[in-house]
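Trainee: sequence first, then the predicted structure, then my questions.
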Amino acid sequence: MADEDLQGLDEPGLRAEWQRLADRVAAANLAYHQADAPDISDADYDALKRRLAAIEARLPDLAALGPSAQIGAPPSETFAKVRHAQRMLSLENAFTGEDVADFIARVRGFLNLAEAAPLVLTAEPKIDGLSLSLRYEAGRLVLAATRGDGETGENVTANARTIADIPQTLAGAPAVLEVRGEVYMGHADFAALNERQTAAGDKTFANPRNAAAGSLRQLDAAVTAARPLRFFAYSWGEMSTPLGPTQTAAVARLAELGFKVNPLMRRCEGLEALLAAWREIEQGRATLGYDIDGVVYKVDDLALQDRLGFRSTTPRWAIAHKFPAELAWTRLLGIDIQVGRTGALSPVARLQPVTVGGVVVSNATLHNEDYIAGRDAKGSPIRDGKDIRVGDWVQVYRAGDVIPKVADVDLAQRPPEAVAFTFPRLCPECGSEAVREEGDAVRRCTGGLICPAQAIEQLRHFVSRGAFDIEGLGVKQIEMFFADDQLPVKEPADIFTLAARDAASLTRLRNRDGFGEKSAANLFQAIEDRRTIPFARLLFGLGIRHMGEVAAQDVARHFATWAALVESLDHARPAALAHRAADAAEDAERMAAAAEARRPRIAEARRAAMTAAQVTPAAQAAWDDLVGTDGVGPVLALSLSDSFANPQERGAIDRLMAHLTVLPPEARAKVSPVAGKTVVFTGTLERMTRAEAKARAEAMGAKVAGSVSARTDLVVAGPGAGSKAREAEKLGIEILDEDAWLRLIGA
DNA sequence: GTGCCTCGAGTTCC
DNA sequence: CTCGAGGCAC
């Protein structure tokens, strides 16, 4: 479809044609994203878009209305999401030989390996690309997914099929096999690609990794096919038959199956051998022909890997030993203060743009007040503190090759007129006092929801992925609605009245720039869909300090219903106040040791503690229950209590709740006989270390506690068990020895 | 009281 | 990704 025939059309004709094309593209998008079943070929789709663009070039007012300009559709929304059968984890990082030594010591300690027992690890280059999971069923590639957040990635199967290093079929593979590895681009291919891009007038890529990422995430697989992507396999996810007894054997098997594996991988015994491998790989870095950013060490024996297991986001049996970060010097042009969701004032360096590790950096974090000043609140110098001033030459690096940081300052080049930075005492956004709690590194705005910066950040958090995750309501839209006169959104409840307010208003959302009939309707539908919300997401979305995703899940599971939580919090309030008062009294007493002059404050704190001490047993019980909840300590409990007792915040919560139905938390899947049970280990364990026993129990869904109580389900007692075993007997709790326990969990 | 380990909060660039 | 700090075991 060329656009020559457009020449014959008059303006109304063009507009009609534009509408027809826009509808067609929108329908194709929908089919592609939601059903993952494209109803037209990629080439036809491209042609449609080109024709649309040709019309928009002549009638620019259309451009803002069409599918090409639709807001709320960043590239990440353009691939279907897929859940990984097995989570794709990241690796813990080591930066020094000492870190590596610690890692080995931890592994040995966890496994309780004898001093003389050998521990073999593999060392392989860490490719700087993007990880990809390939699922083969009956030997055929059925799914390729990016890592995403580890739980859920993007379906890029069509694109992965165009990569020559990725076999479409495997001979003699297990019935189900997920192969994991890295997609990357070689230096020569990268340079050639950028030359082609320049010649074609397209934008060039900053580095091979960006080029690889950009190439893999093309909606048009034909574009990906034209890009010289390569793939190394180094790991696996779900599989119906093990690939081998060791990492080395499994990777060799992957090579047999037809995958490219890295030729530099080798087995090493002991710290020195690992570090030697690291040095050698680093020395060969420049001649490899592709980017690497470190060396990965893995415990070779897969049975040991299995015993070591996983922490929440990383395996215990592997670590990435990074190469030193690239550094660059530049001028510090200014220091801005940003206000975060919790009111934290964070200093950001505005820099003379400089290339660091292949990316142009113009902003960098300055951590906090003390870091800039180079000394702490009391005036004593701090470790790594710099006394950084506007106008200084500063050294920048990208931590983990991502986050730009100011690492050093060149005092010799300091301009004579440079003055020390004065950290604001008032919030730059709302003018409220910004205070620093004793012992805290950050200064916080006290304005609460009065502060527009905090209010916006709270809303951004509310719609964020782990919370309400409303499609079409991203950061940009939140900022727009917050400042909007016609359809203001100042607090979460306002989101749920948007549609009704829009229907009643004269200037409808669908007629606005950046919105159309379709996108407005989609947004309202997405909001409707979230009127029913899982308990934990709601709790997380409220943005209460110290209440993260994990804590929210724990609390939701503990209380089961929203009403139970609210009732309990209301009951516990006096006890919460008593707890704070007692803390304050303690603080004041500590201060008194230094300054007798604080007498009046102590007396006041004591009086407050006395008043607050009039706590009913019911209140105390509610507080104890709250603080006894898994993952909840006094700090989170107080924060939660404060939020619900603060009239402003409670008002916003109640207004929000009027629009919502809360889904009770899902019961933990019963995957093992001990799932959901509380287990206590006591006495000496002979077959494994305590850490290992705990990790394994938790991996089976059990909760491991330190002391026996009425809530304990099971006690595992080894030789030398004393009071805990007696306590268990008294309470009539089942007691197992270590062998019986291992049989129970099927080990 | 001390020392892990994990979570929470804030960070940049594409 | 890193840092600080909360939670919890020893």
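Mentor: Okay, I see it. These numbers come from a predicted model, not from an experiment. Residues are numbered from 1 along each chain as shown, chains lettered A, B, ... in the order given.
Trainee: going by C-alpha atoms from here, please, whenever you check contacts or count neighbours.
Mentor: Will do.
Trainee: in contact with residue A:186, which residues?
Mentor: A:208, A:229-230, A:289-291 (C-alpha atoms under 8 Å, 6 or more residues apart in numbering).
Trainee: residue A:449 against residue A:455, yeah?
Mentor: Yes - counting by C-alpha atoms under 8 Å, residue A:449 touches residue A:455, with 5.1 Å between them.
Trainee: longest helix of chain A?
Mentor: Counting residues, the longest helix found in chain A (DSSP state H) is helix A:562-594.
Trainee: buried ones in that helix?
Mentor: Neighbour counts over helix A:562-594 (16 or more other C-alpha atoms under 10 Å) mark A:562, A:565, A:568-582, A:584-585, A:588-589, A:591 as buried.
Trainee: near DNA strand C, which residues of the stretch 401-550 of chain A show up?
Mentor: A:401-403, A:439-441, A:546 (C-alpha under 7 Å from any atom of the strand).
Trainee: let's see 6 Å
Mentor: A:402-403, A:439-441 (C-alpha under 6 Å from any atom of the strand).
Trainee: and these as TSV, adding secondary structure and neighbour count?
Mentor: Output for those, formatted as TSV (DSSP: H, G, I helix; E, B strand; the rest coil; neighbours: other C-alpha atoms under 10 Å):
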residue	secondary structure	neighbour count
A:402	coil	11
A:403	strand	12
A:439	coil	8
A:440	coil	10
A:441	coil	16
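Trainee: also near DNA strand B: which of those, exactly?
Mentor: Within these, those near DNA strand B by C-alpha under 6 Å from any atom of the strand are A:402-403.
Trainee: quick one on the thing from earlier: which among the contacts of residue A:186 end up buried?
Mentor: Buried among the contacts of residue A:186 by 16+ other C-alpha under 10 Å: A:208, A:229-230, A:290-291.
Trainee: do I have it right that residue A:315 meets residue A:87?
Mentor: No - using C-alpha under 8 Å, residue A:315 makes no contact with residue A:87, being 11.0 Å away.
Trainee: turn the contacts of residue A:186 into CSV, including secondary structure and distance to residue A:166.
Mentor: CSV is the format used below for the contacts of residue A:186 (DSSP: H, G, I helix; E, B strand; the rest coil; distance: C-alpha to C-alpha, whole Å):
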residue, secondary structure, distance to residue A:166
A:208, helix, 19
A:229, coil, 10
A:230, strand, 8
A:289, coil, 19
A:290, coil, 18
A:291, coil, 19
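Trainee: can you tell me which of those is closest to DNA strand B?
Mentor: residue A:208 (11.6 Å; C-alpha to the nearest atom of the strand).
Trainee: I'd like the residues of the stretch 401-550 of chain A next to DNA strand C as CSV, with pLDDT appended.
Mentor: Putting those into CSV (pLDDT from 0 to 100) gives the following:
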residue, pLDDT
A:402, 73
A:403, 79
A:439, 72
A:440, 77
A:441, 81
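Trainee: so where do the strands sit in the stretch 201-350 of chain A?
Mentor: Residue ranges of the strands in the stretch 201-350 of chain A, as given by DSSP state E, counting those that start in this stretch, are A:230-239, A:266-269, A:292-299, A:318-322, A:327-339, A:345-356.
Trainee: for the stretch 51-200 of chain A, same thing?
Mentor: Per DSSP E, counting those that start in this stretch, the stretch 51-200 of chain A carries strands over the ranges A:81-83, A:93-94, A:120-127, A:130-137, A:140-146, A:152-154, A:176-184.
Trainee: DNA strand C: which of these is closest?
Mentor: strand A:93-94 (6.0 Å).
Trainee: quick one: residues in contact with that closest one.
Mentor: A:100, A:319-322.
Trainee: which of those residues tops the neighbour count?
Mentor: residue A:321 (26 neighbours; other C-alpha atoms under 10 Å).
Trainee: in the sheet, who's paired with it?
Mentor: Applying DSSP bridges to residue A:321 gives these bridge partners: residue A:94, residue A:295.
Trainee: check contacts around it.
Mentor: Listed by C-alpha under 8 Å, 6+ apart, the contact set of residue A:321 reads A:93-96, A:100, A:278, A:294-297.
Trainee: got a pLDDT number for it?
Mentor: Residue A:321 is assigned a predicted lDDT (pLDDT) of 88.
Trainee: can you give me the helices in the stretch 401-550 of chain A?
Mentor: Per DSSP state H, counting those that start in this stretch, the stretch 401-550 of chain A carries helices over the ranges A:452-462, A:475-483, A:492-495, A:498-504, A:517-529, A:535-541, A:549-559.
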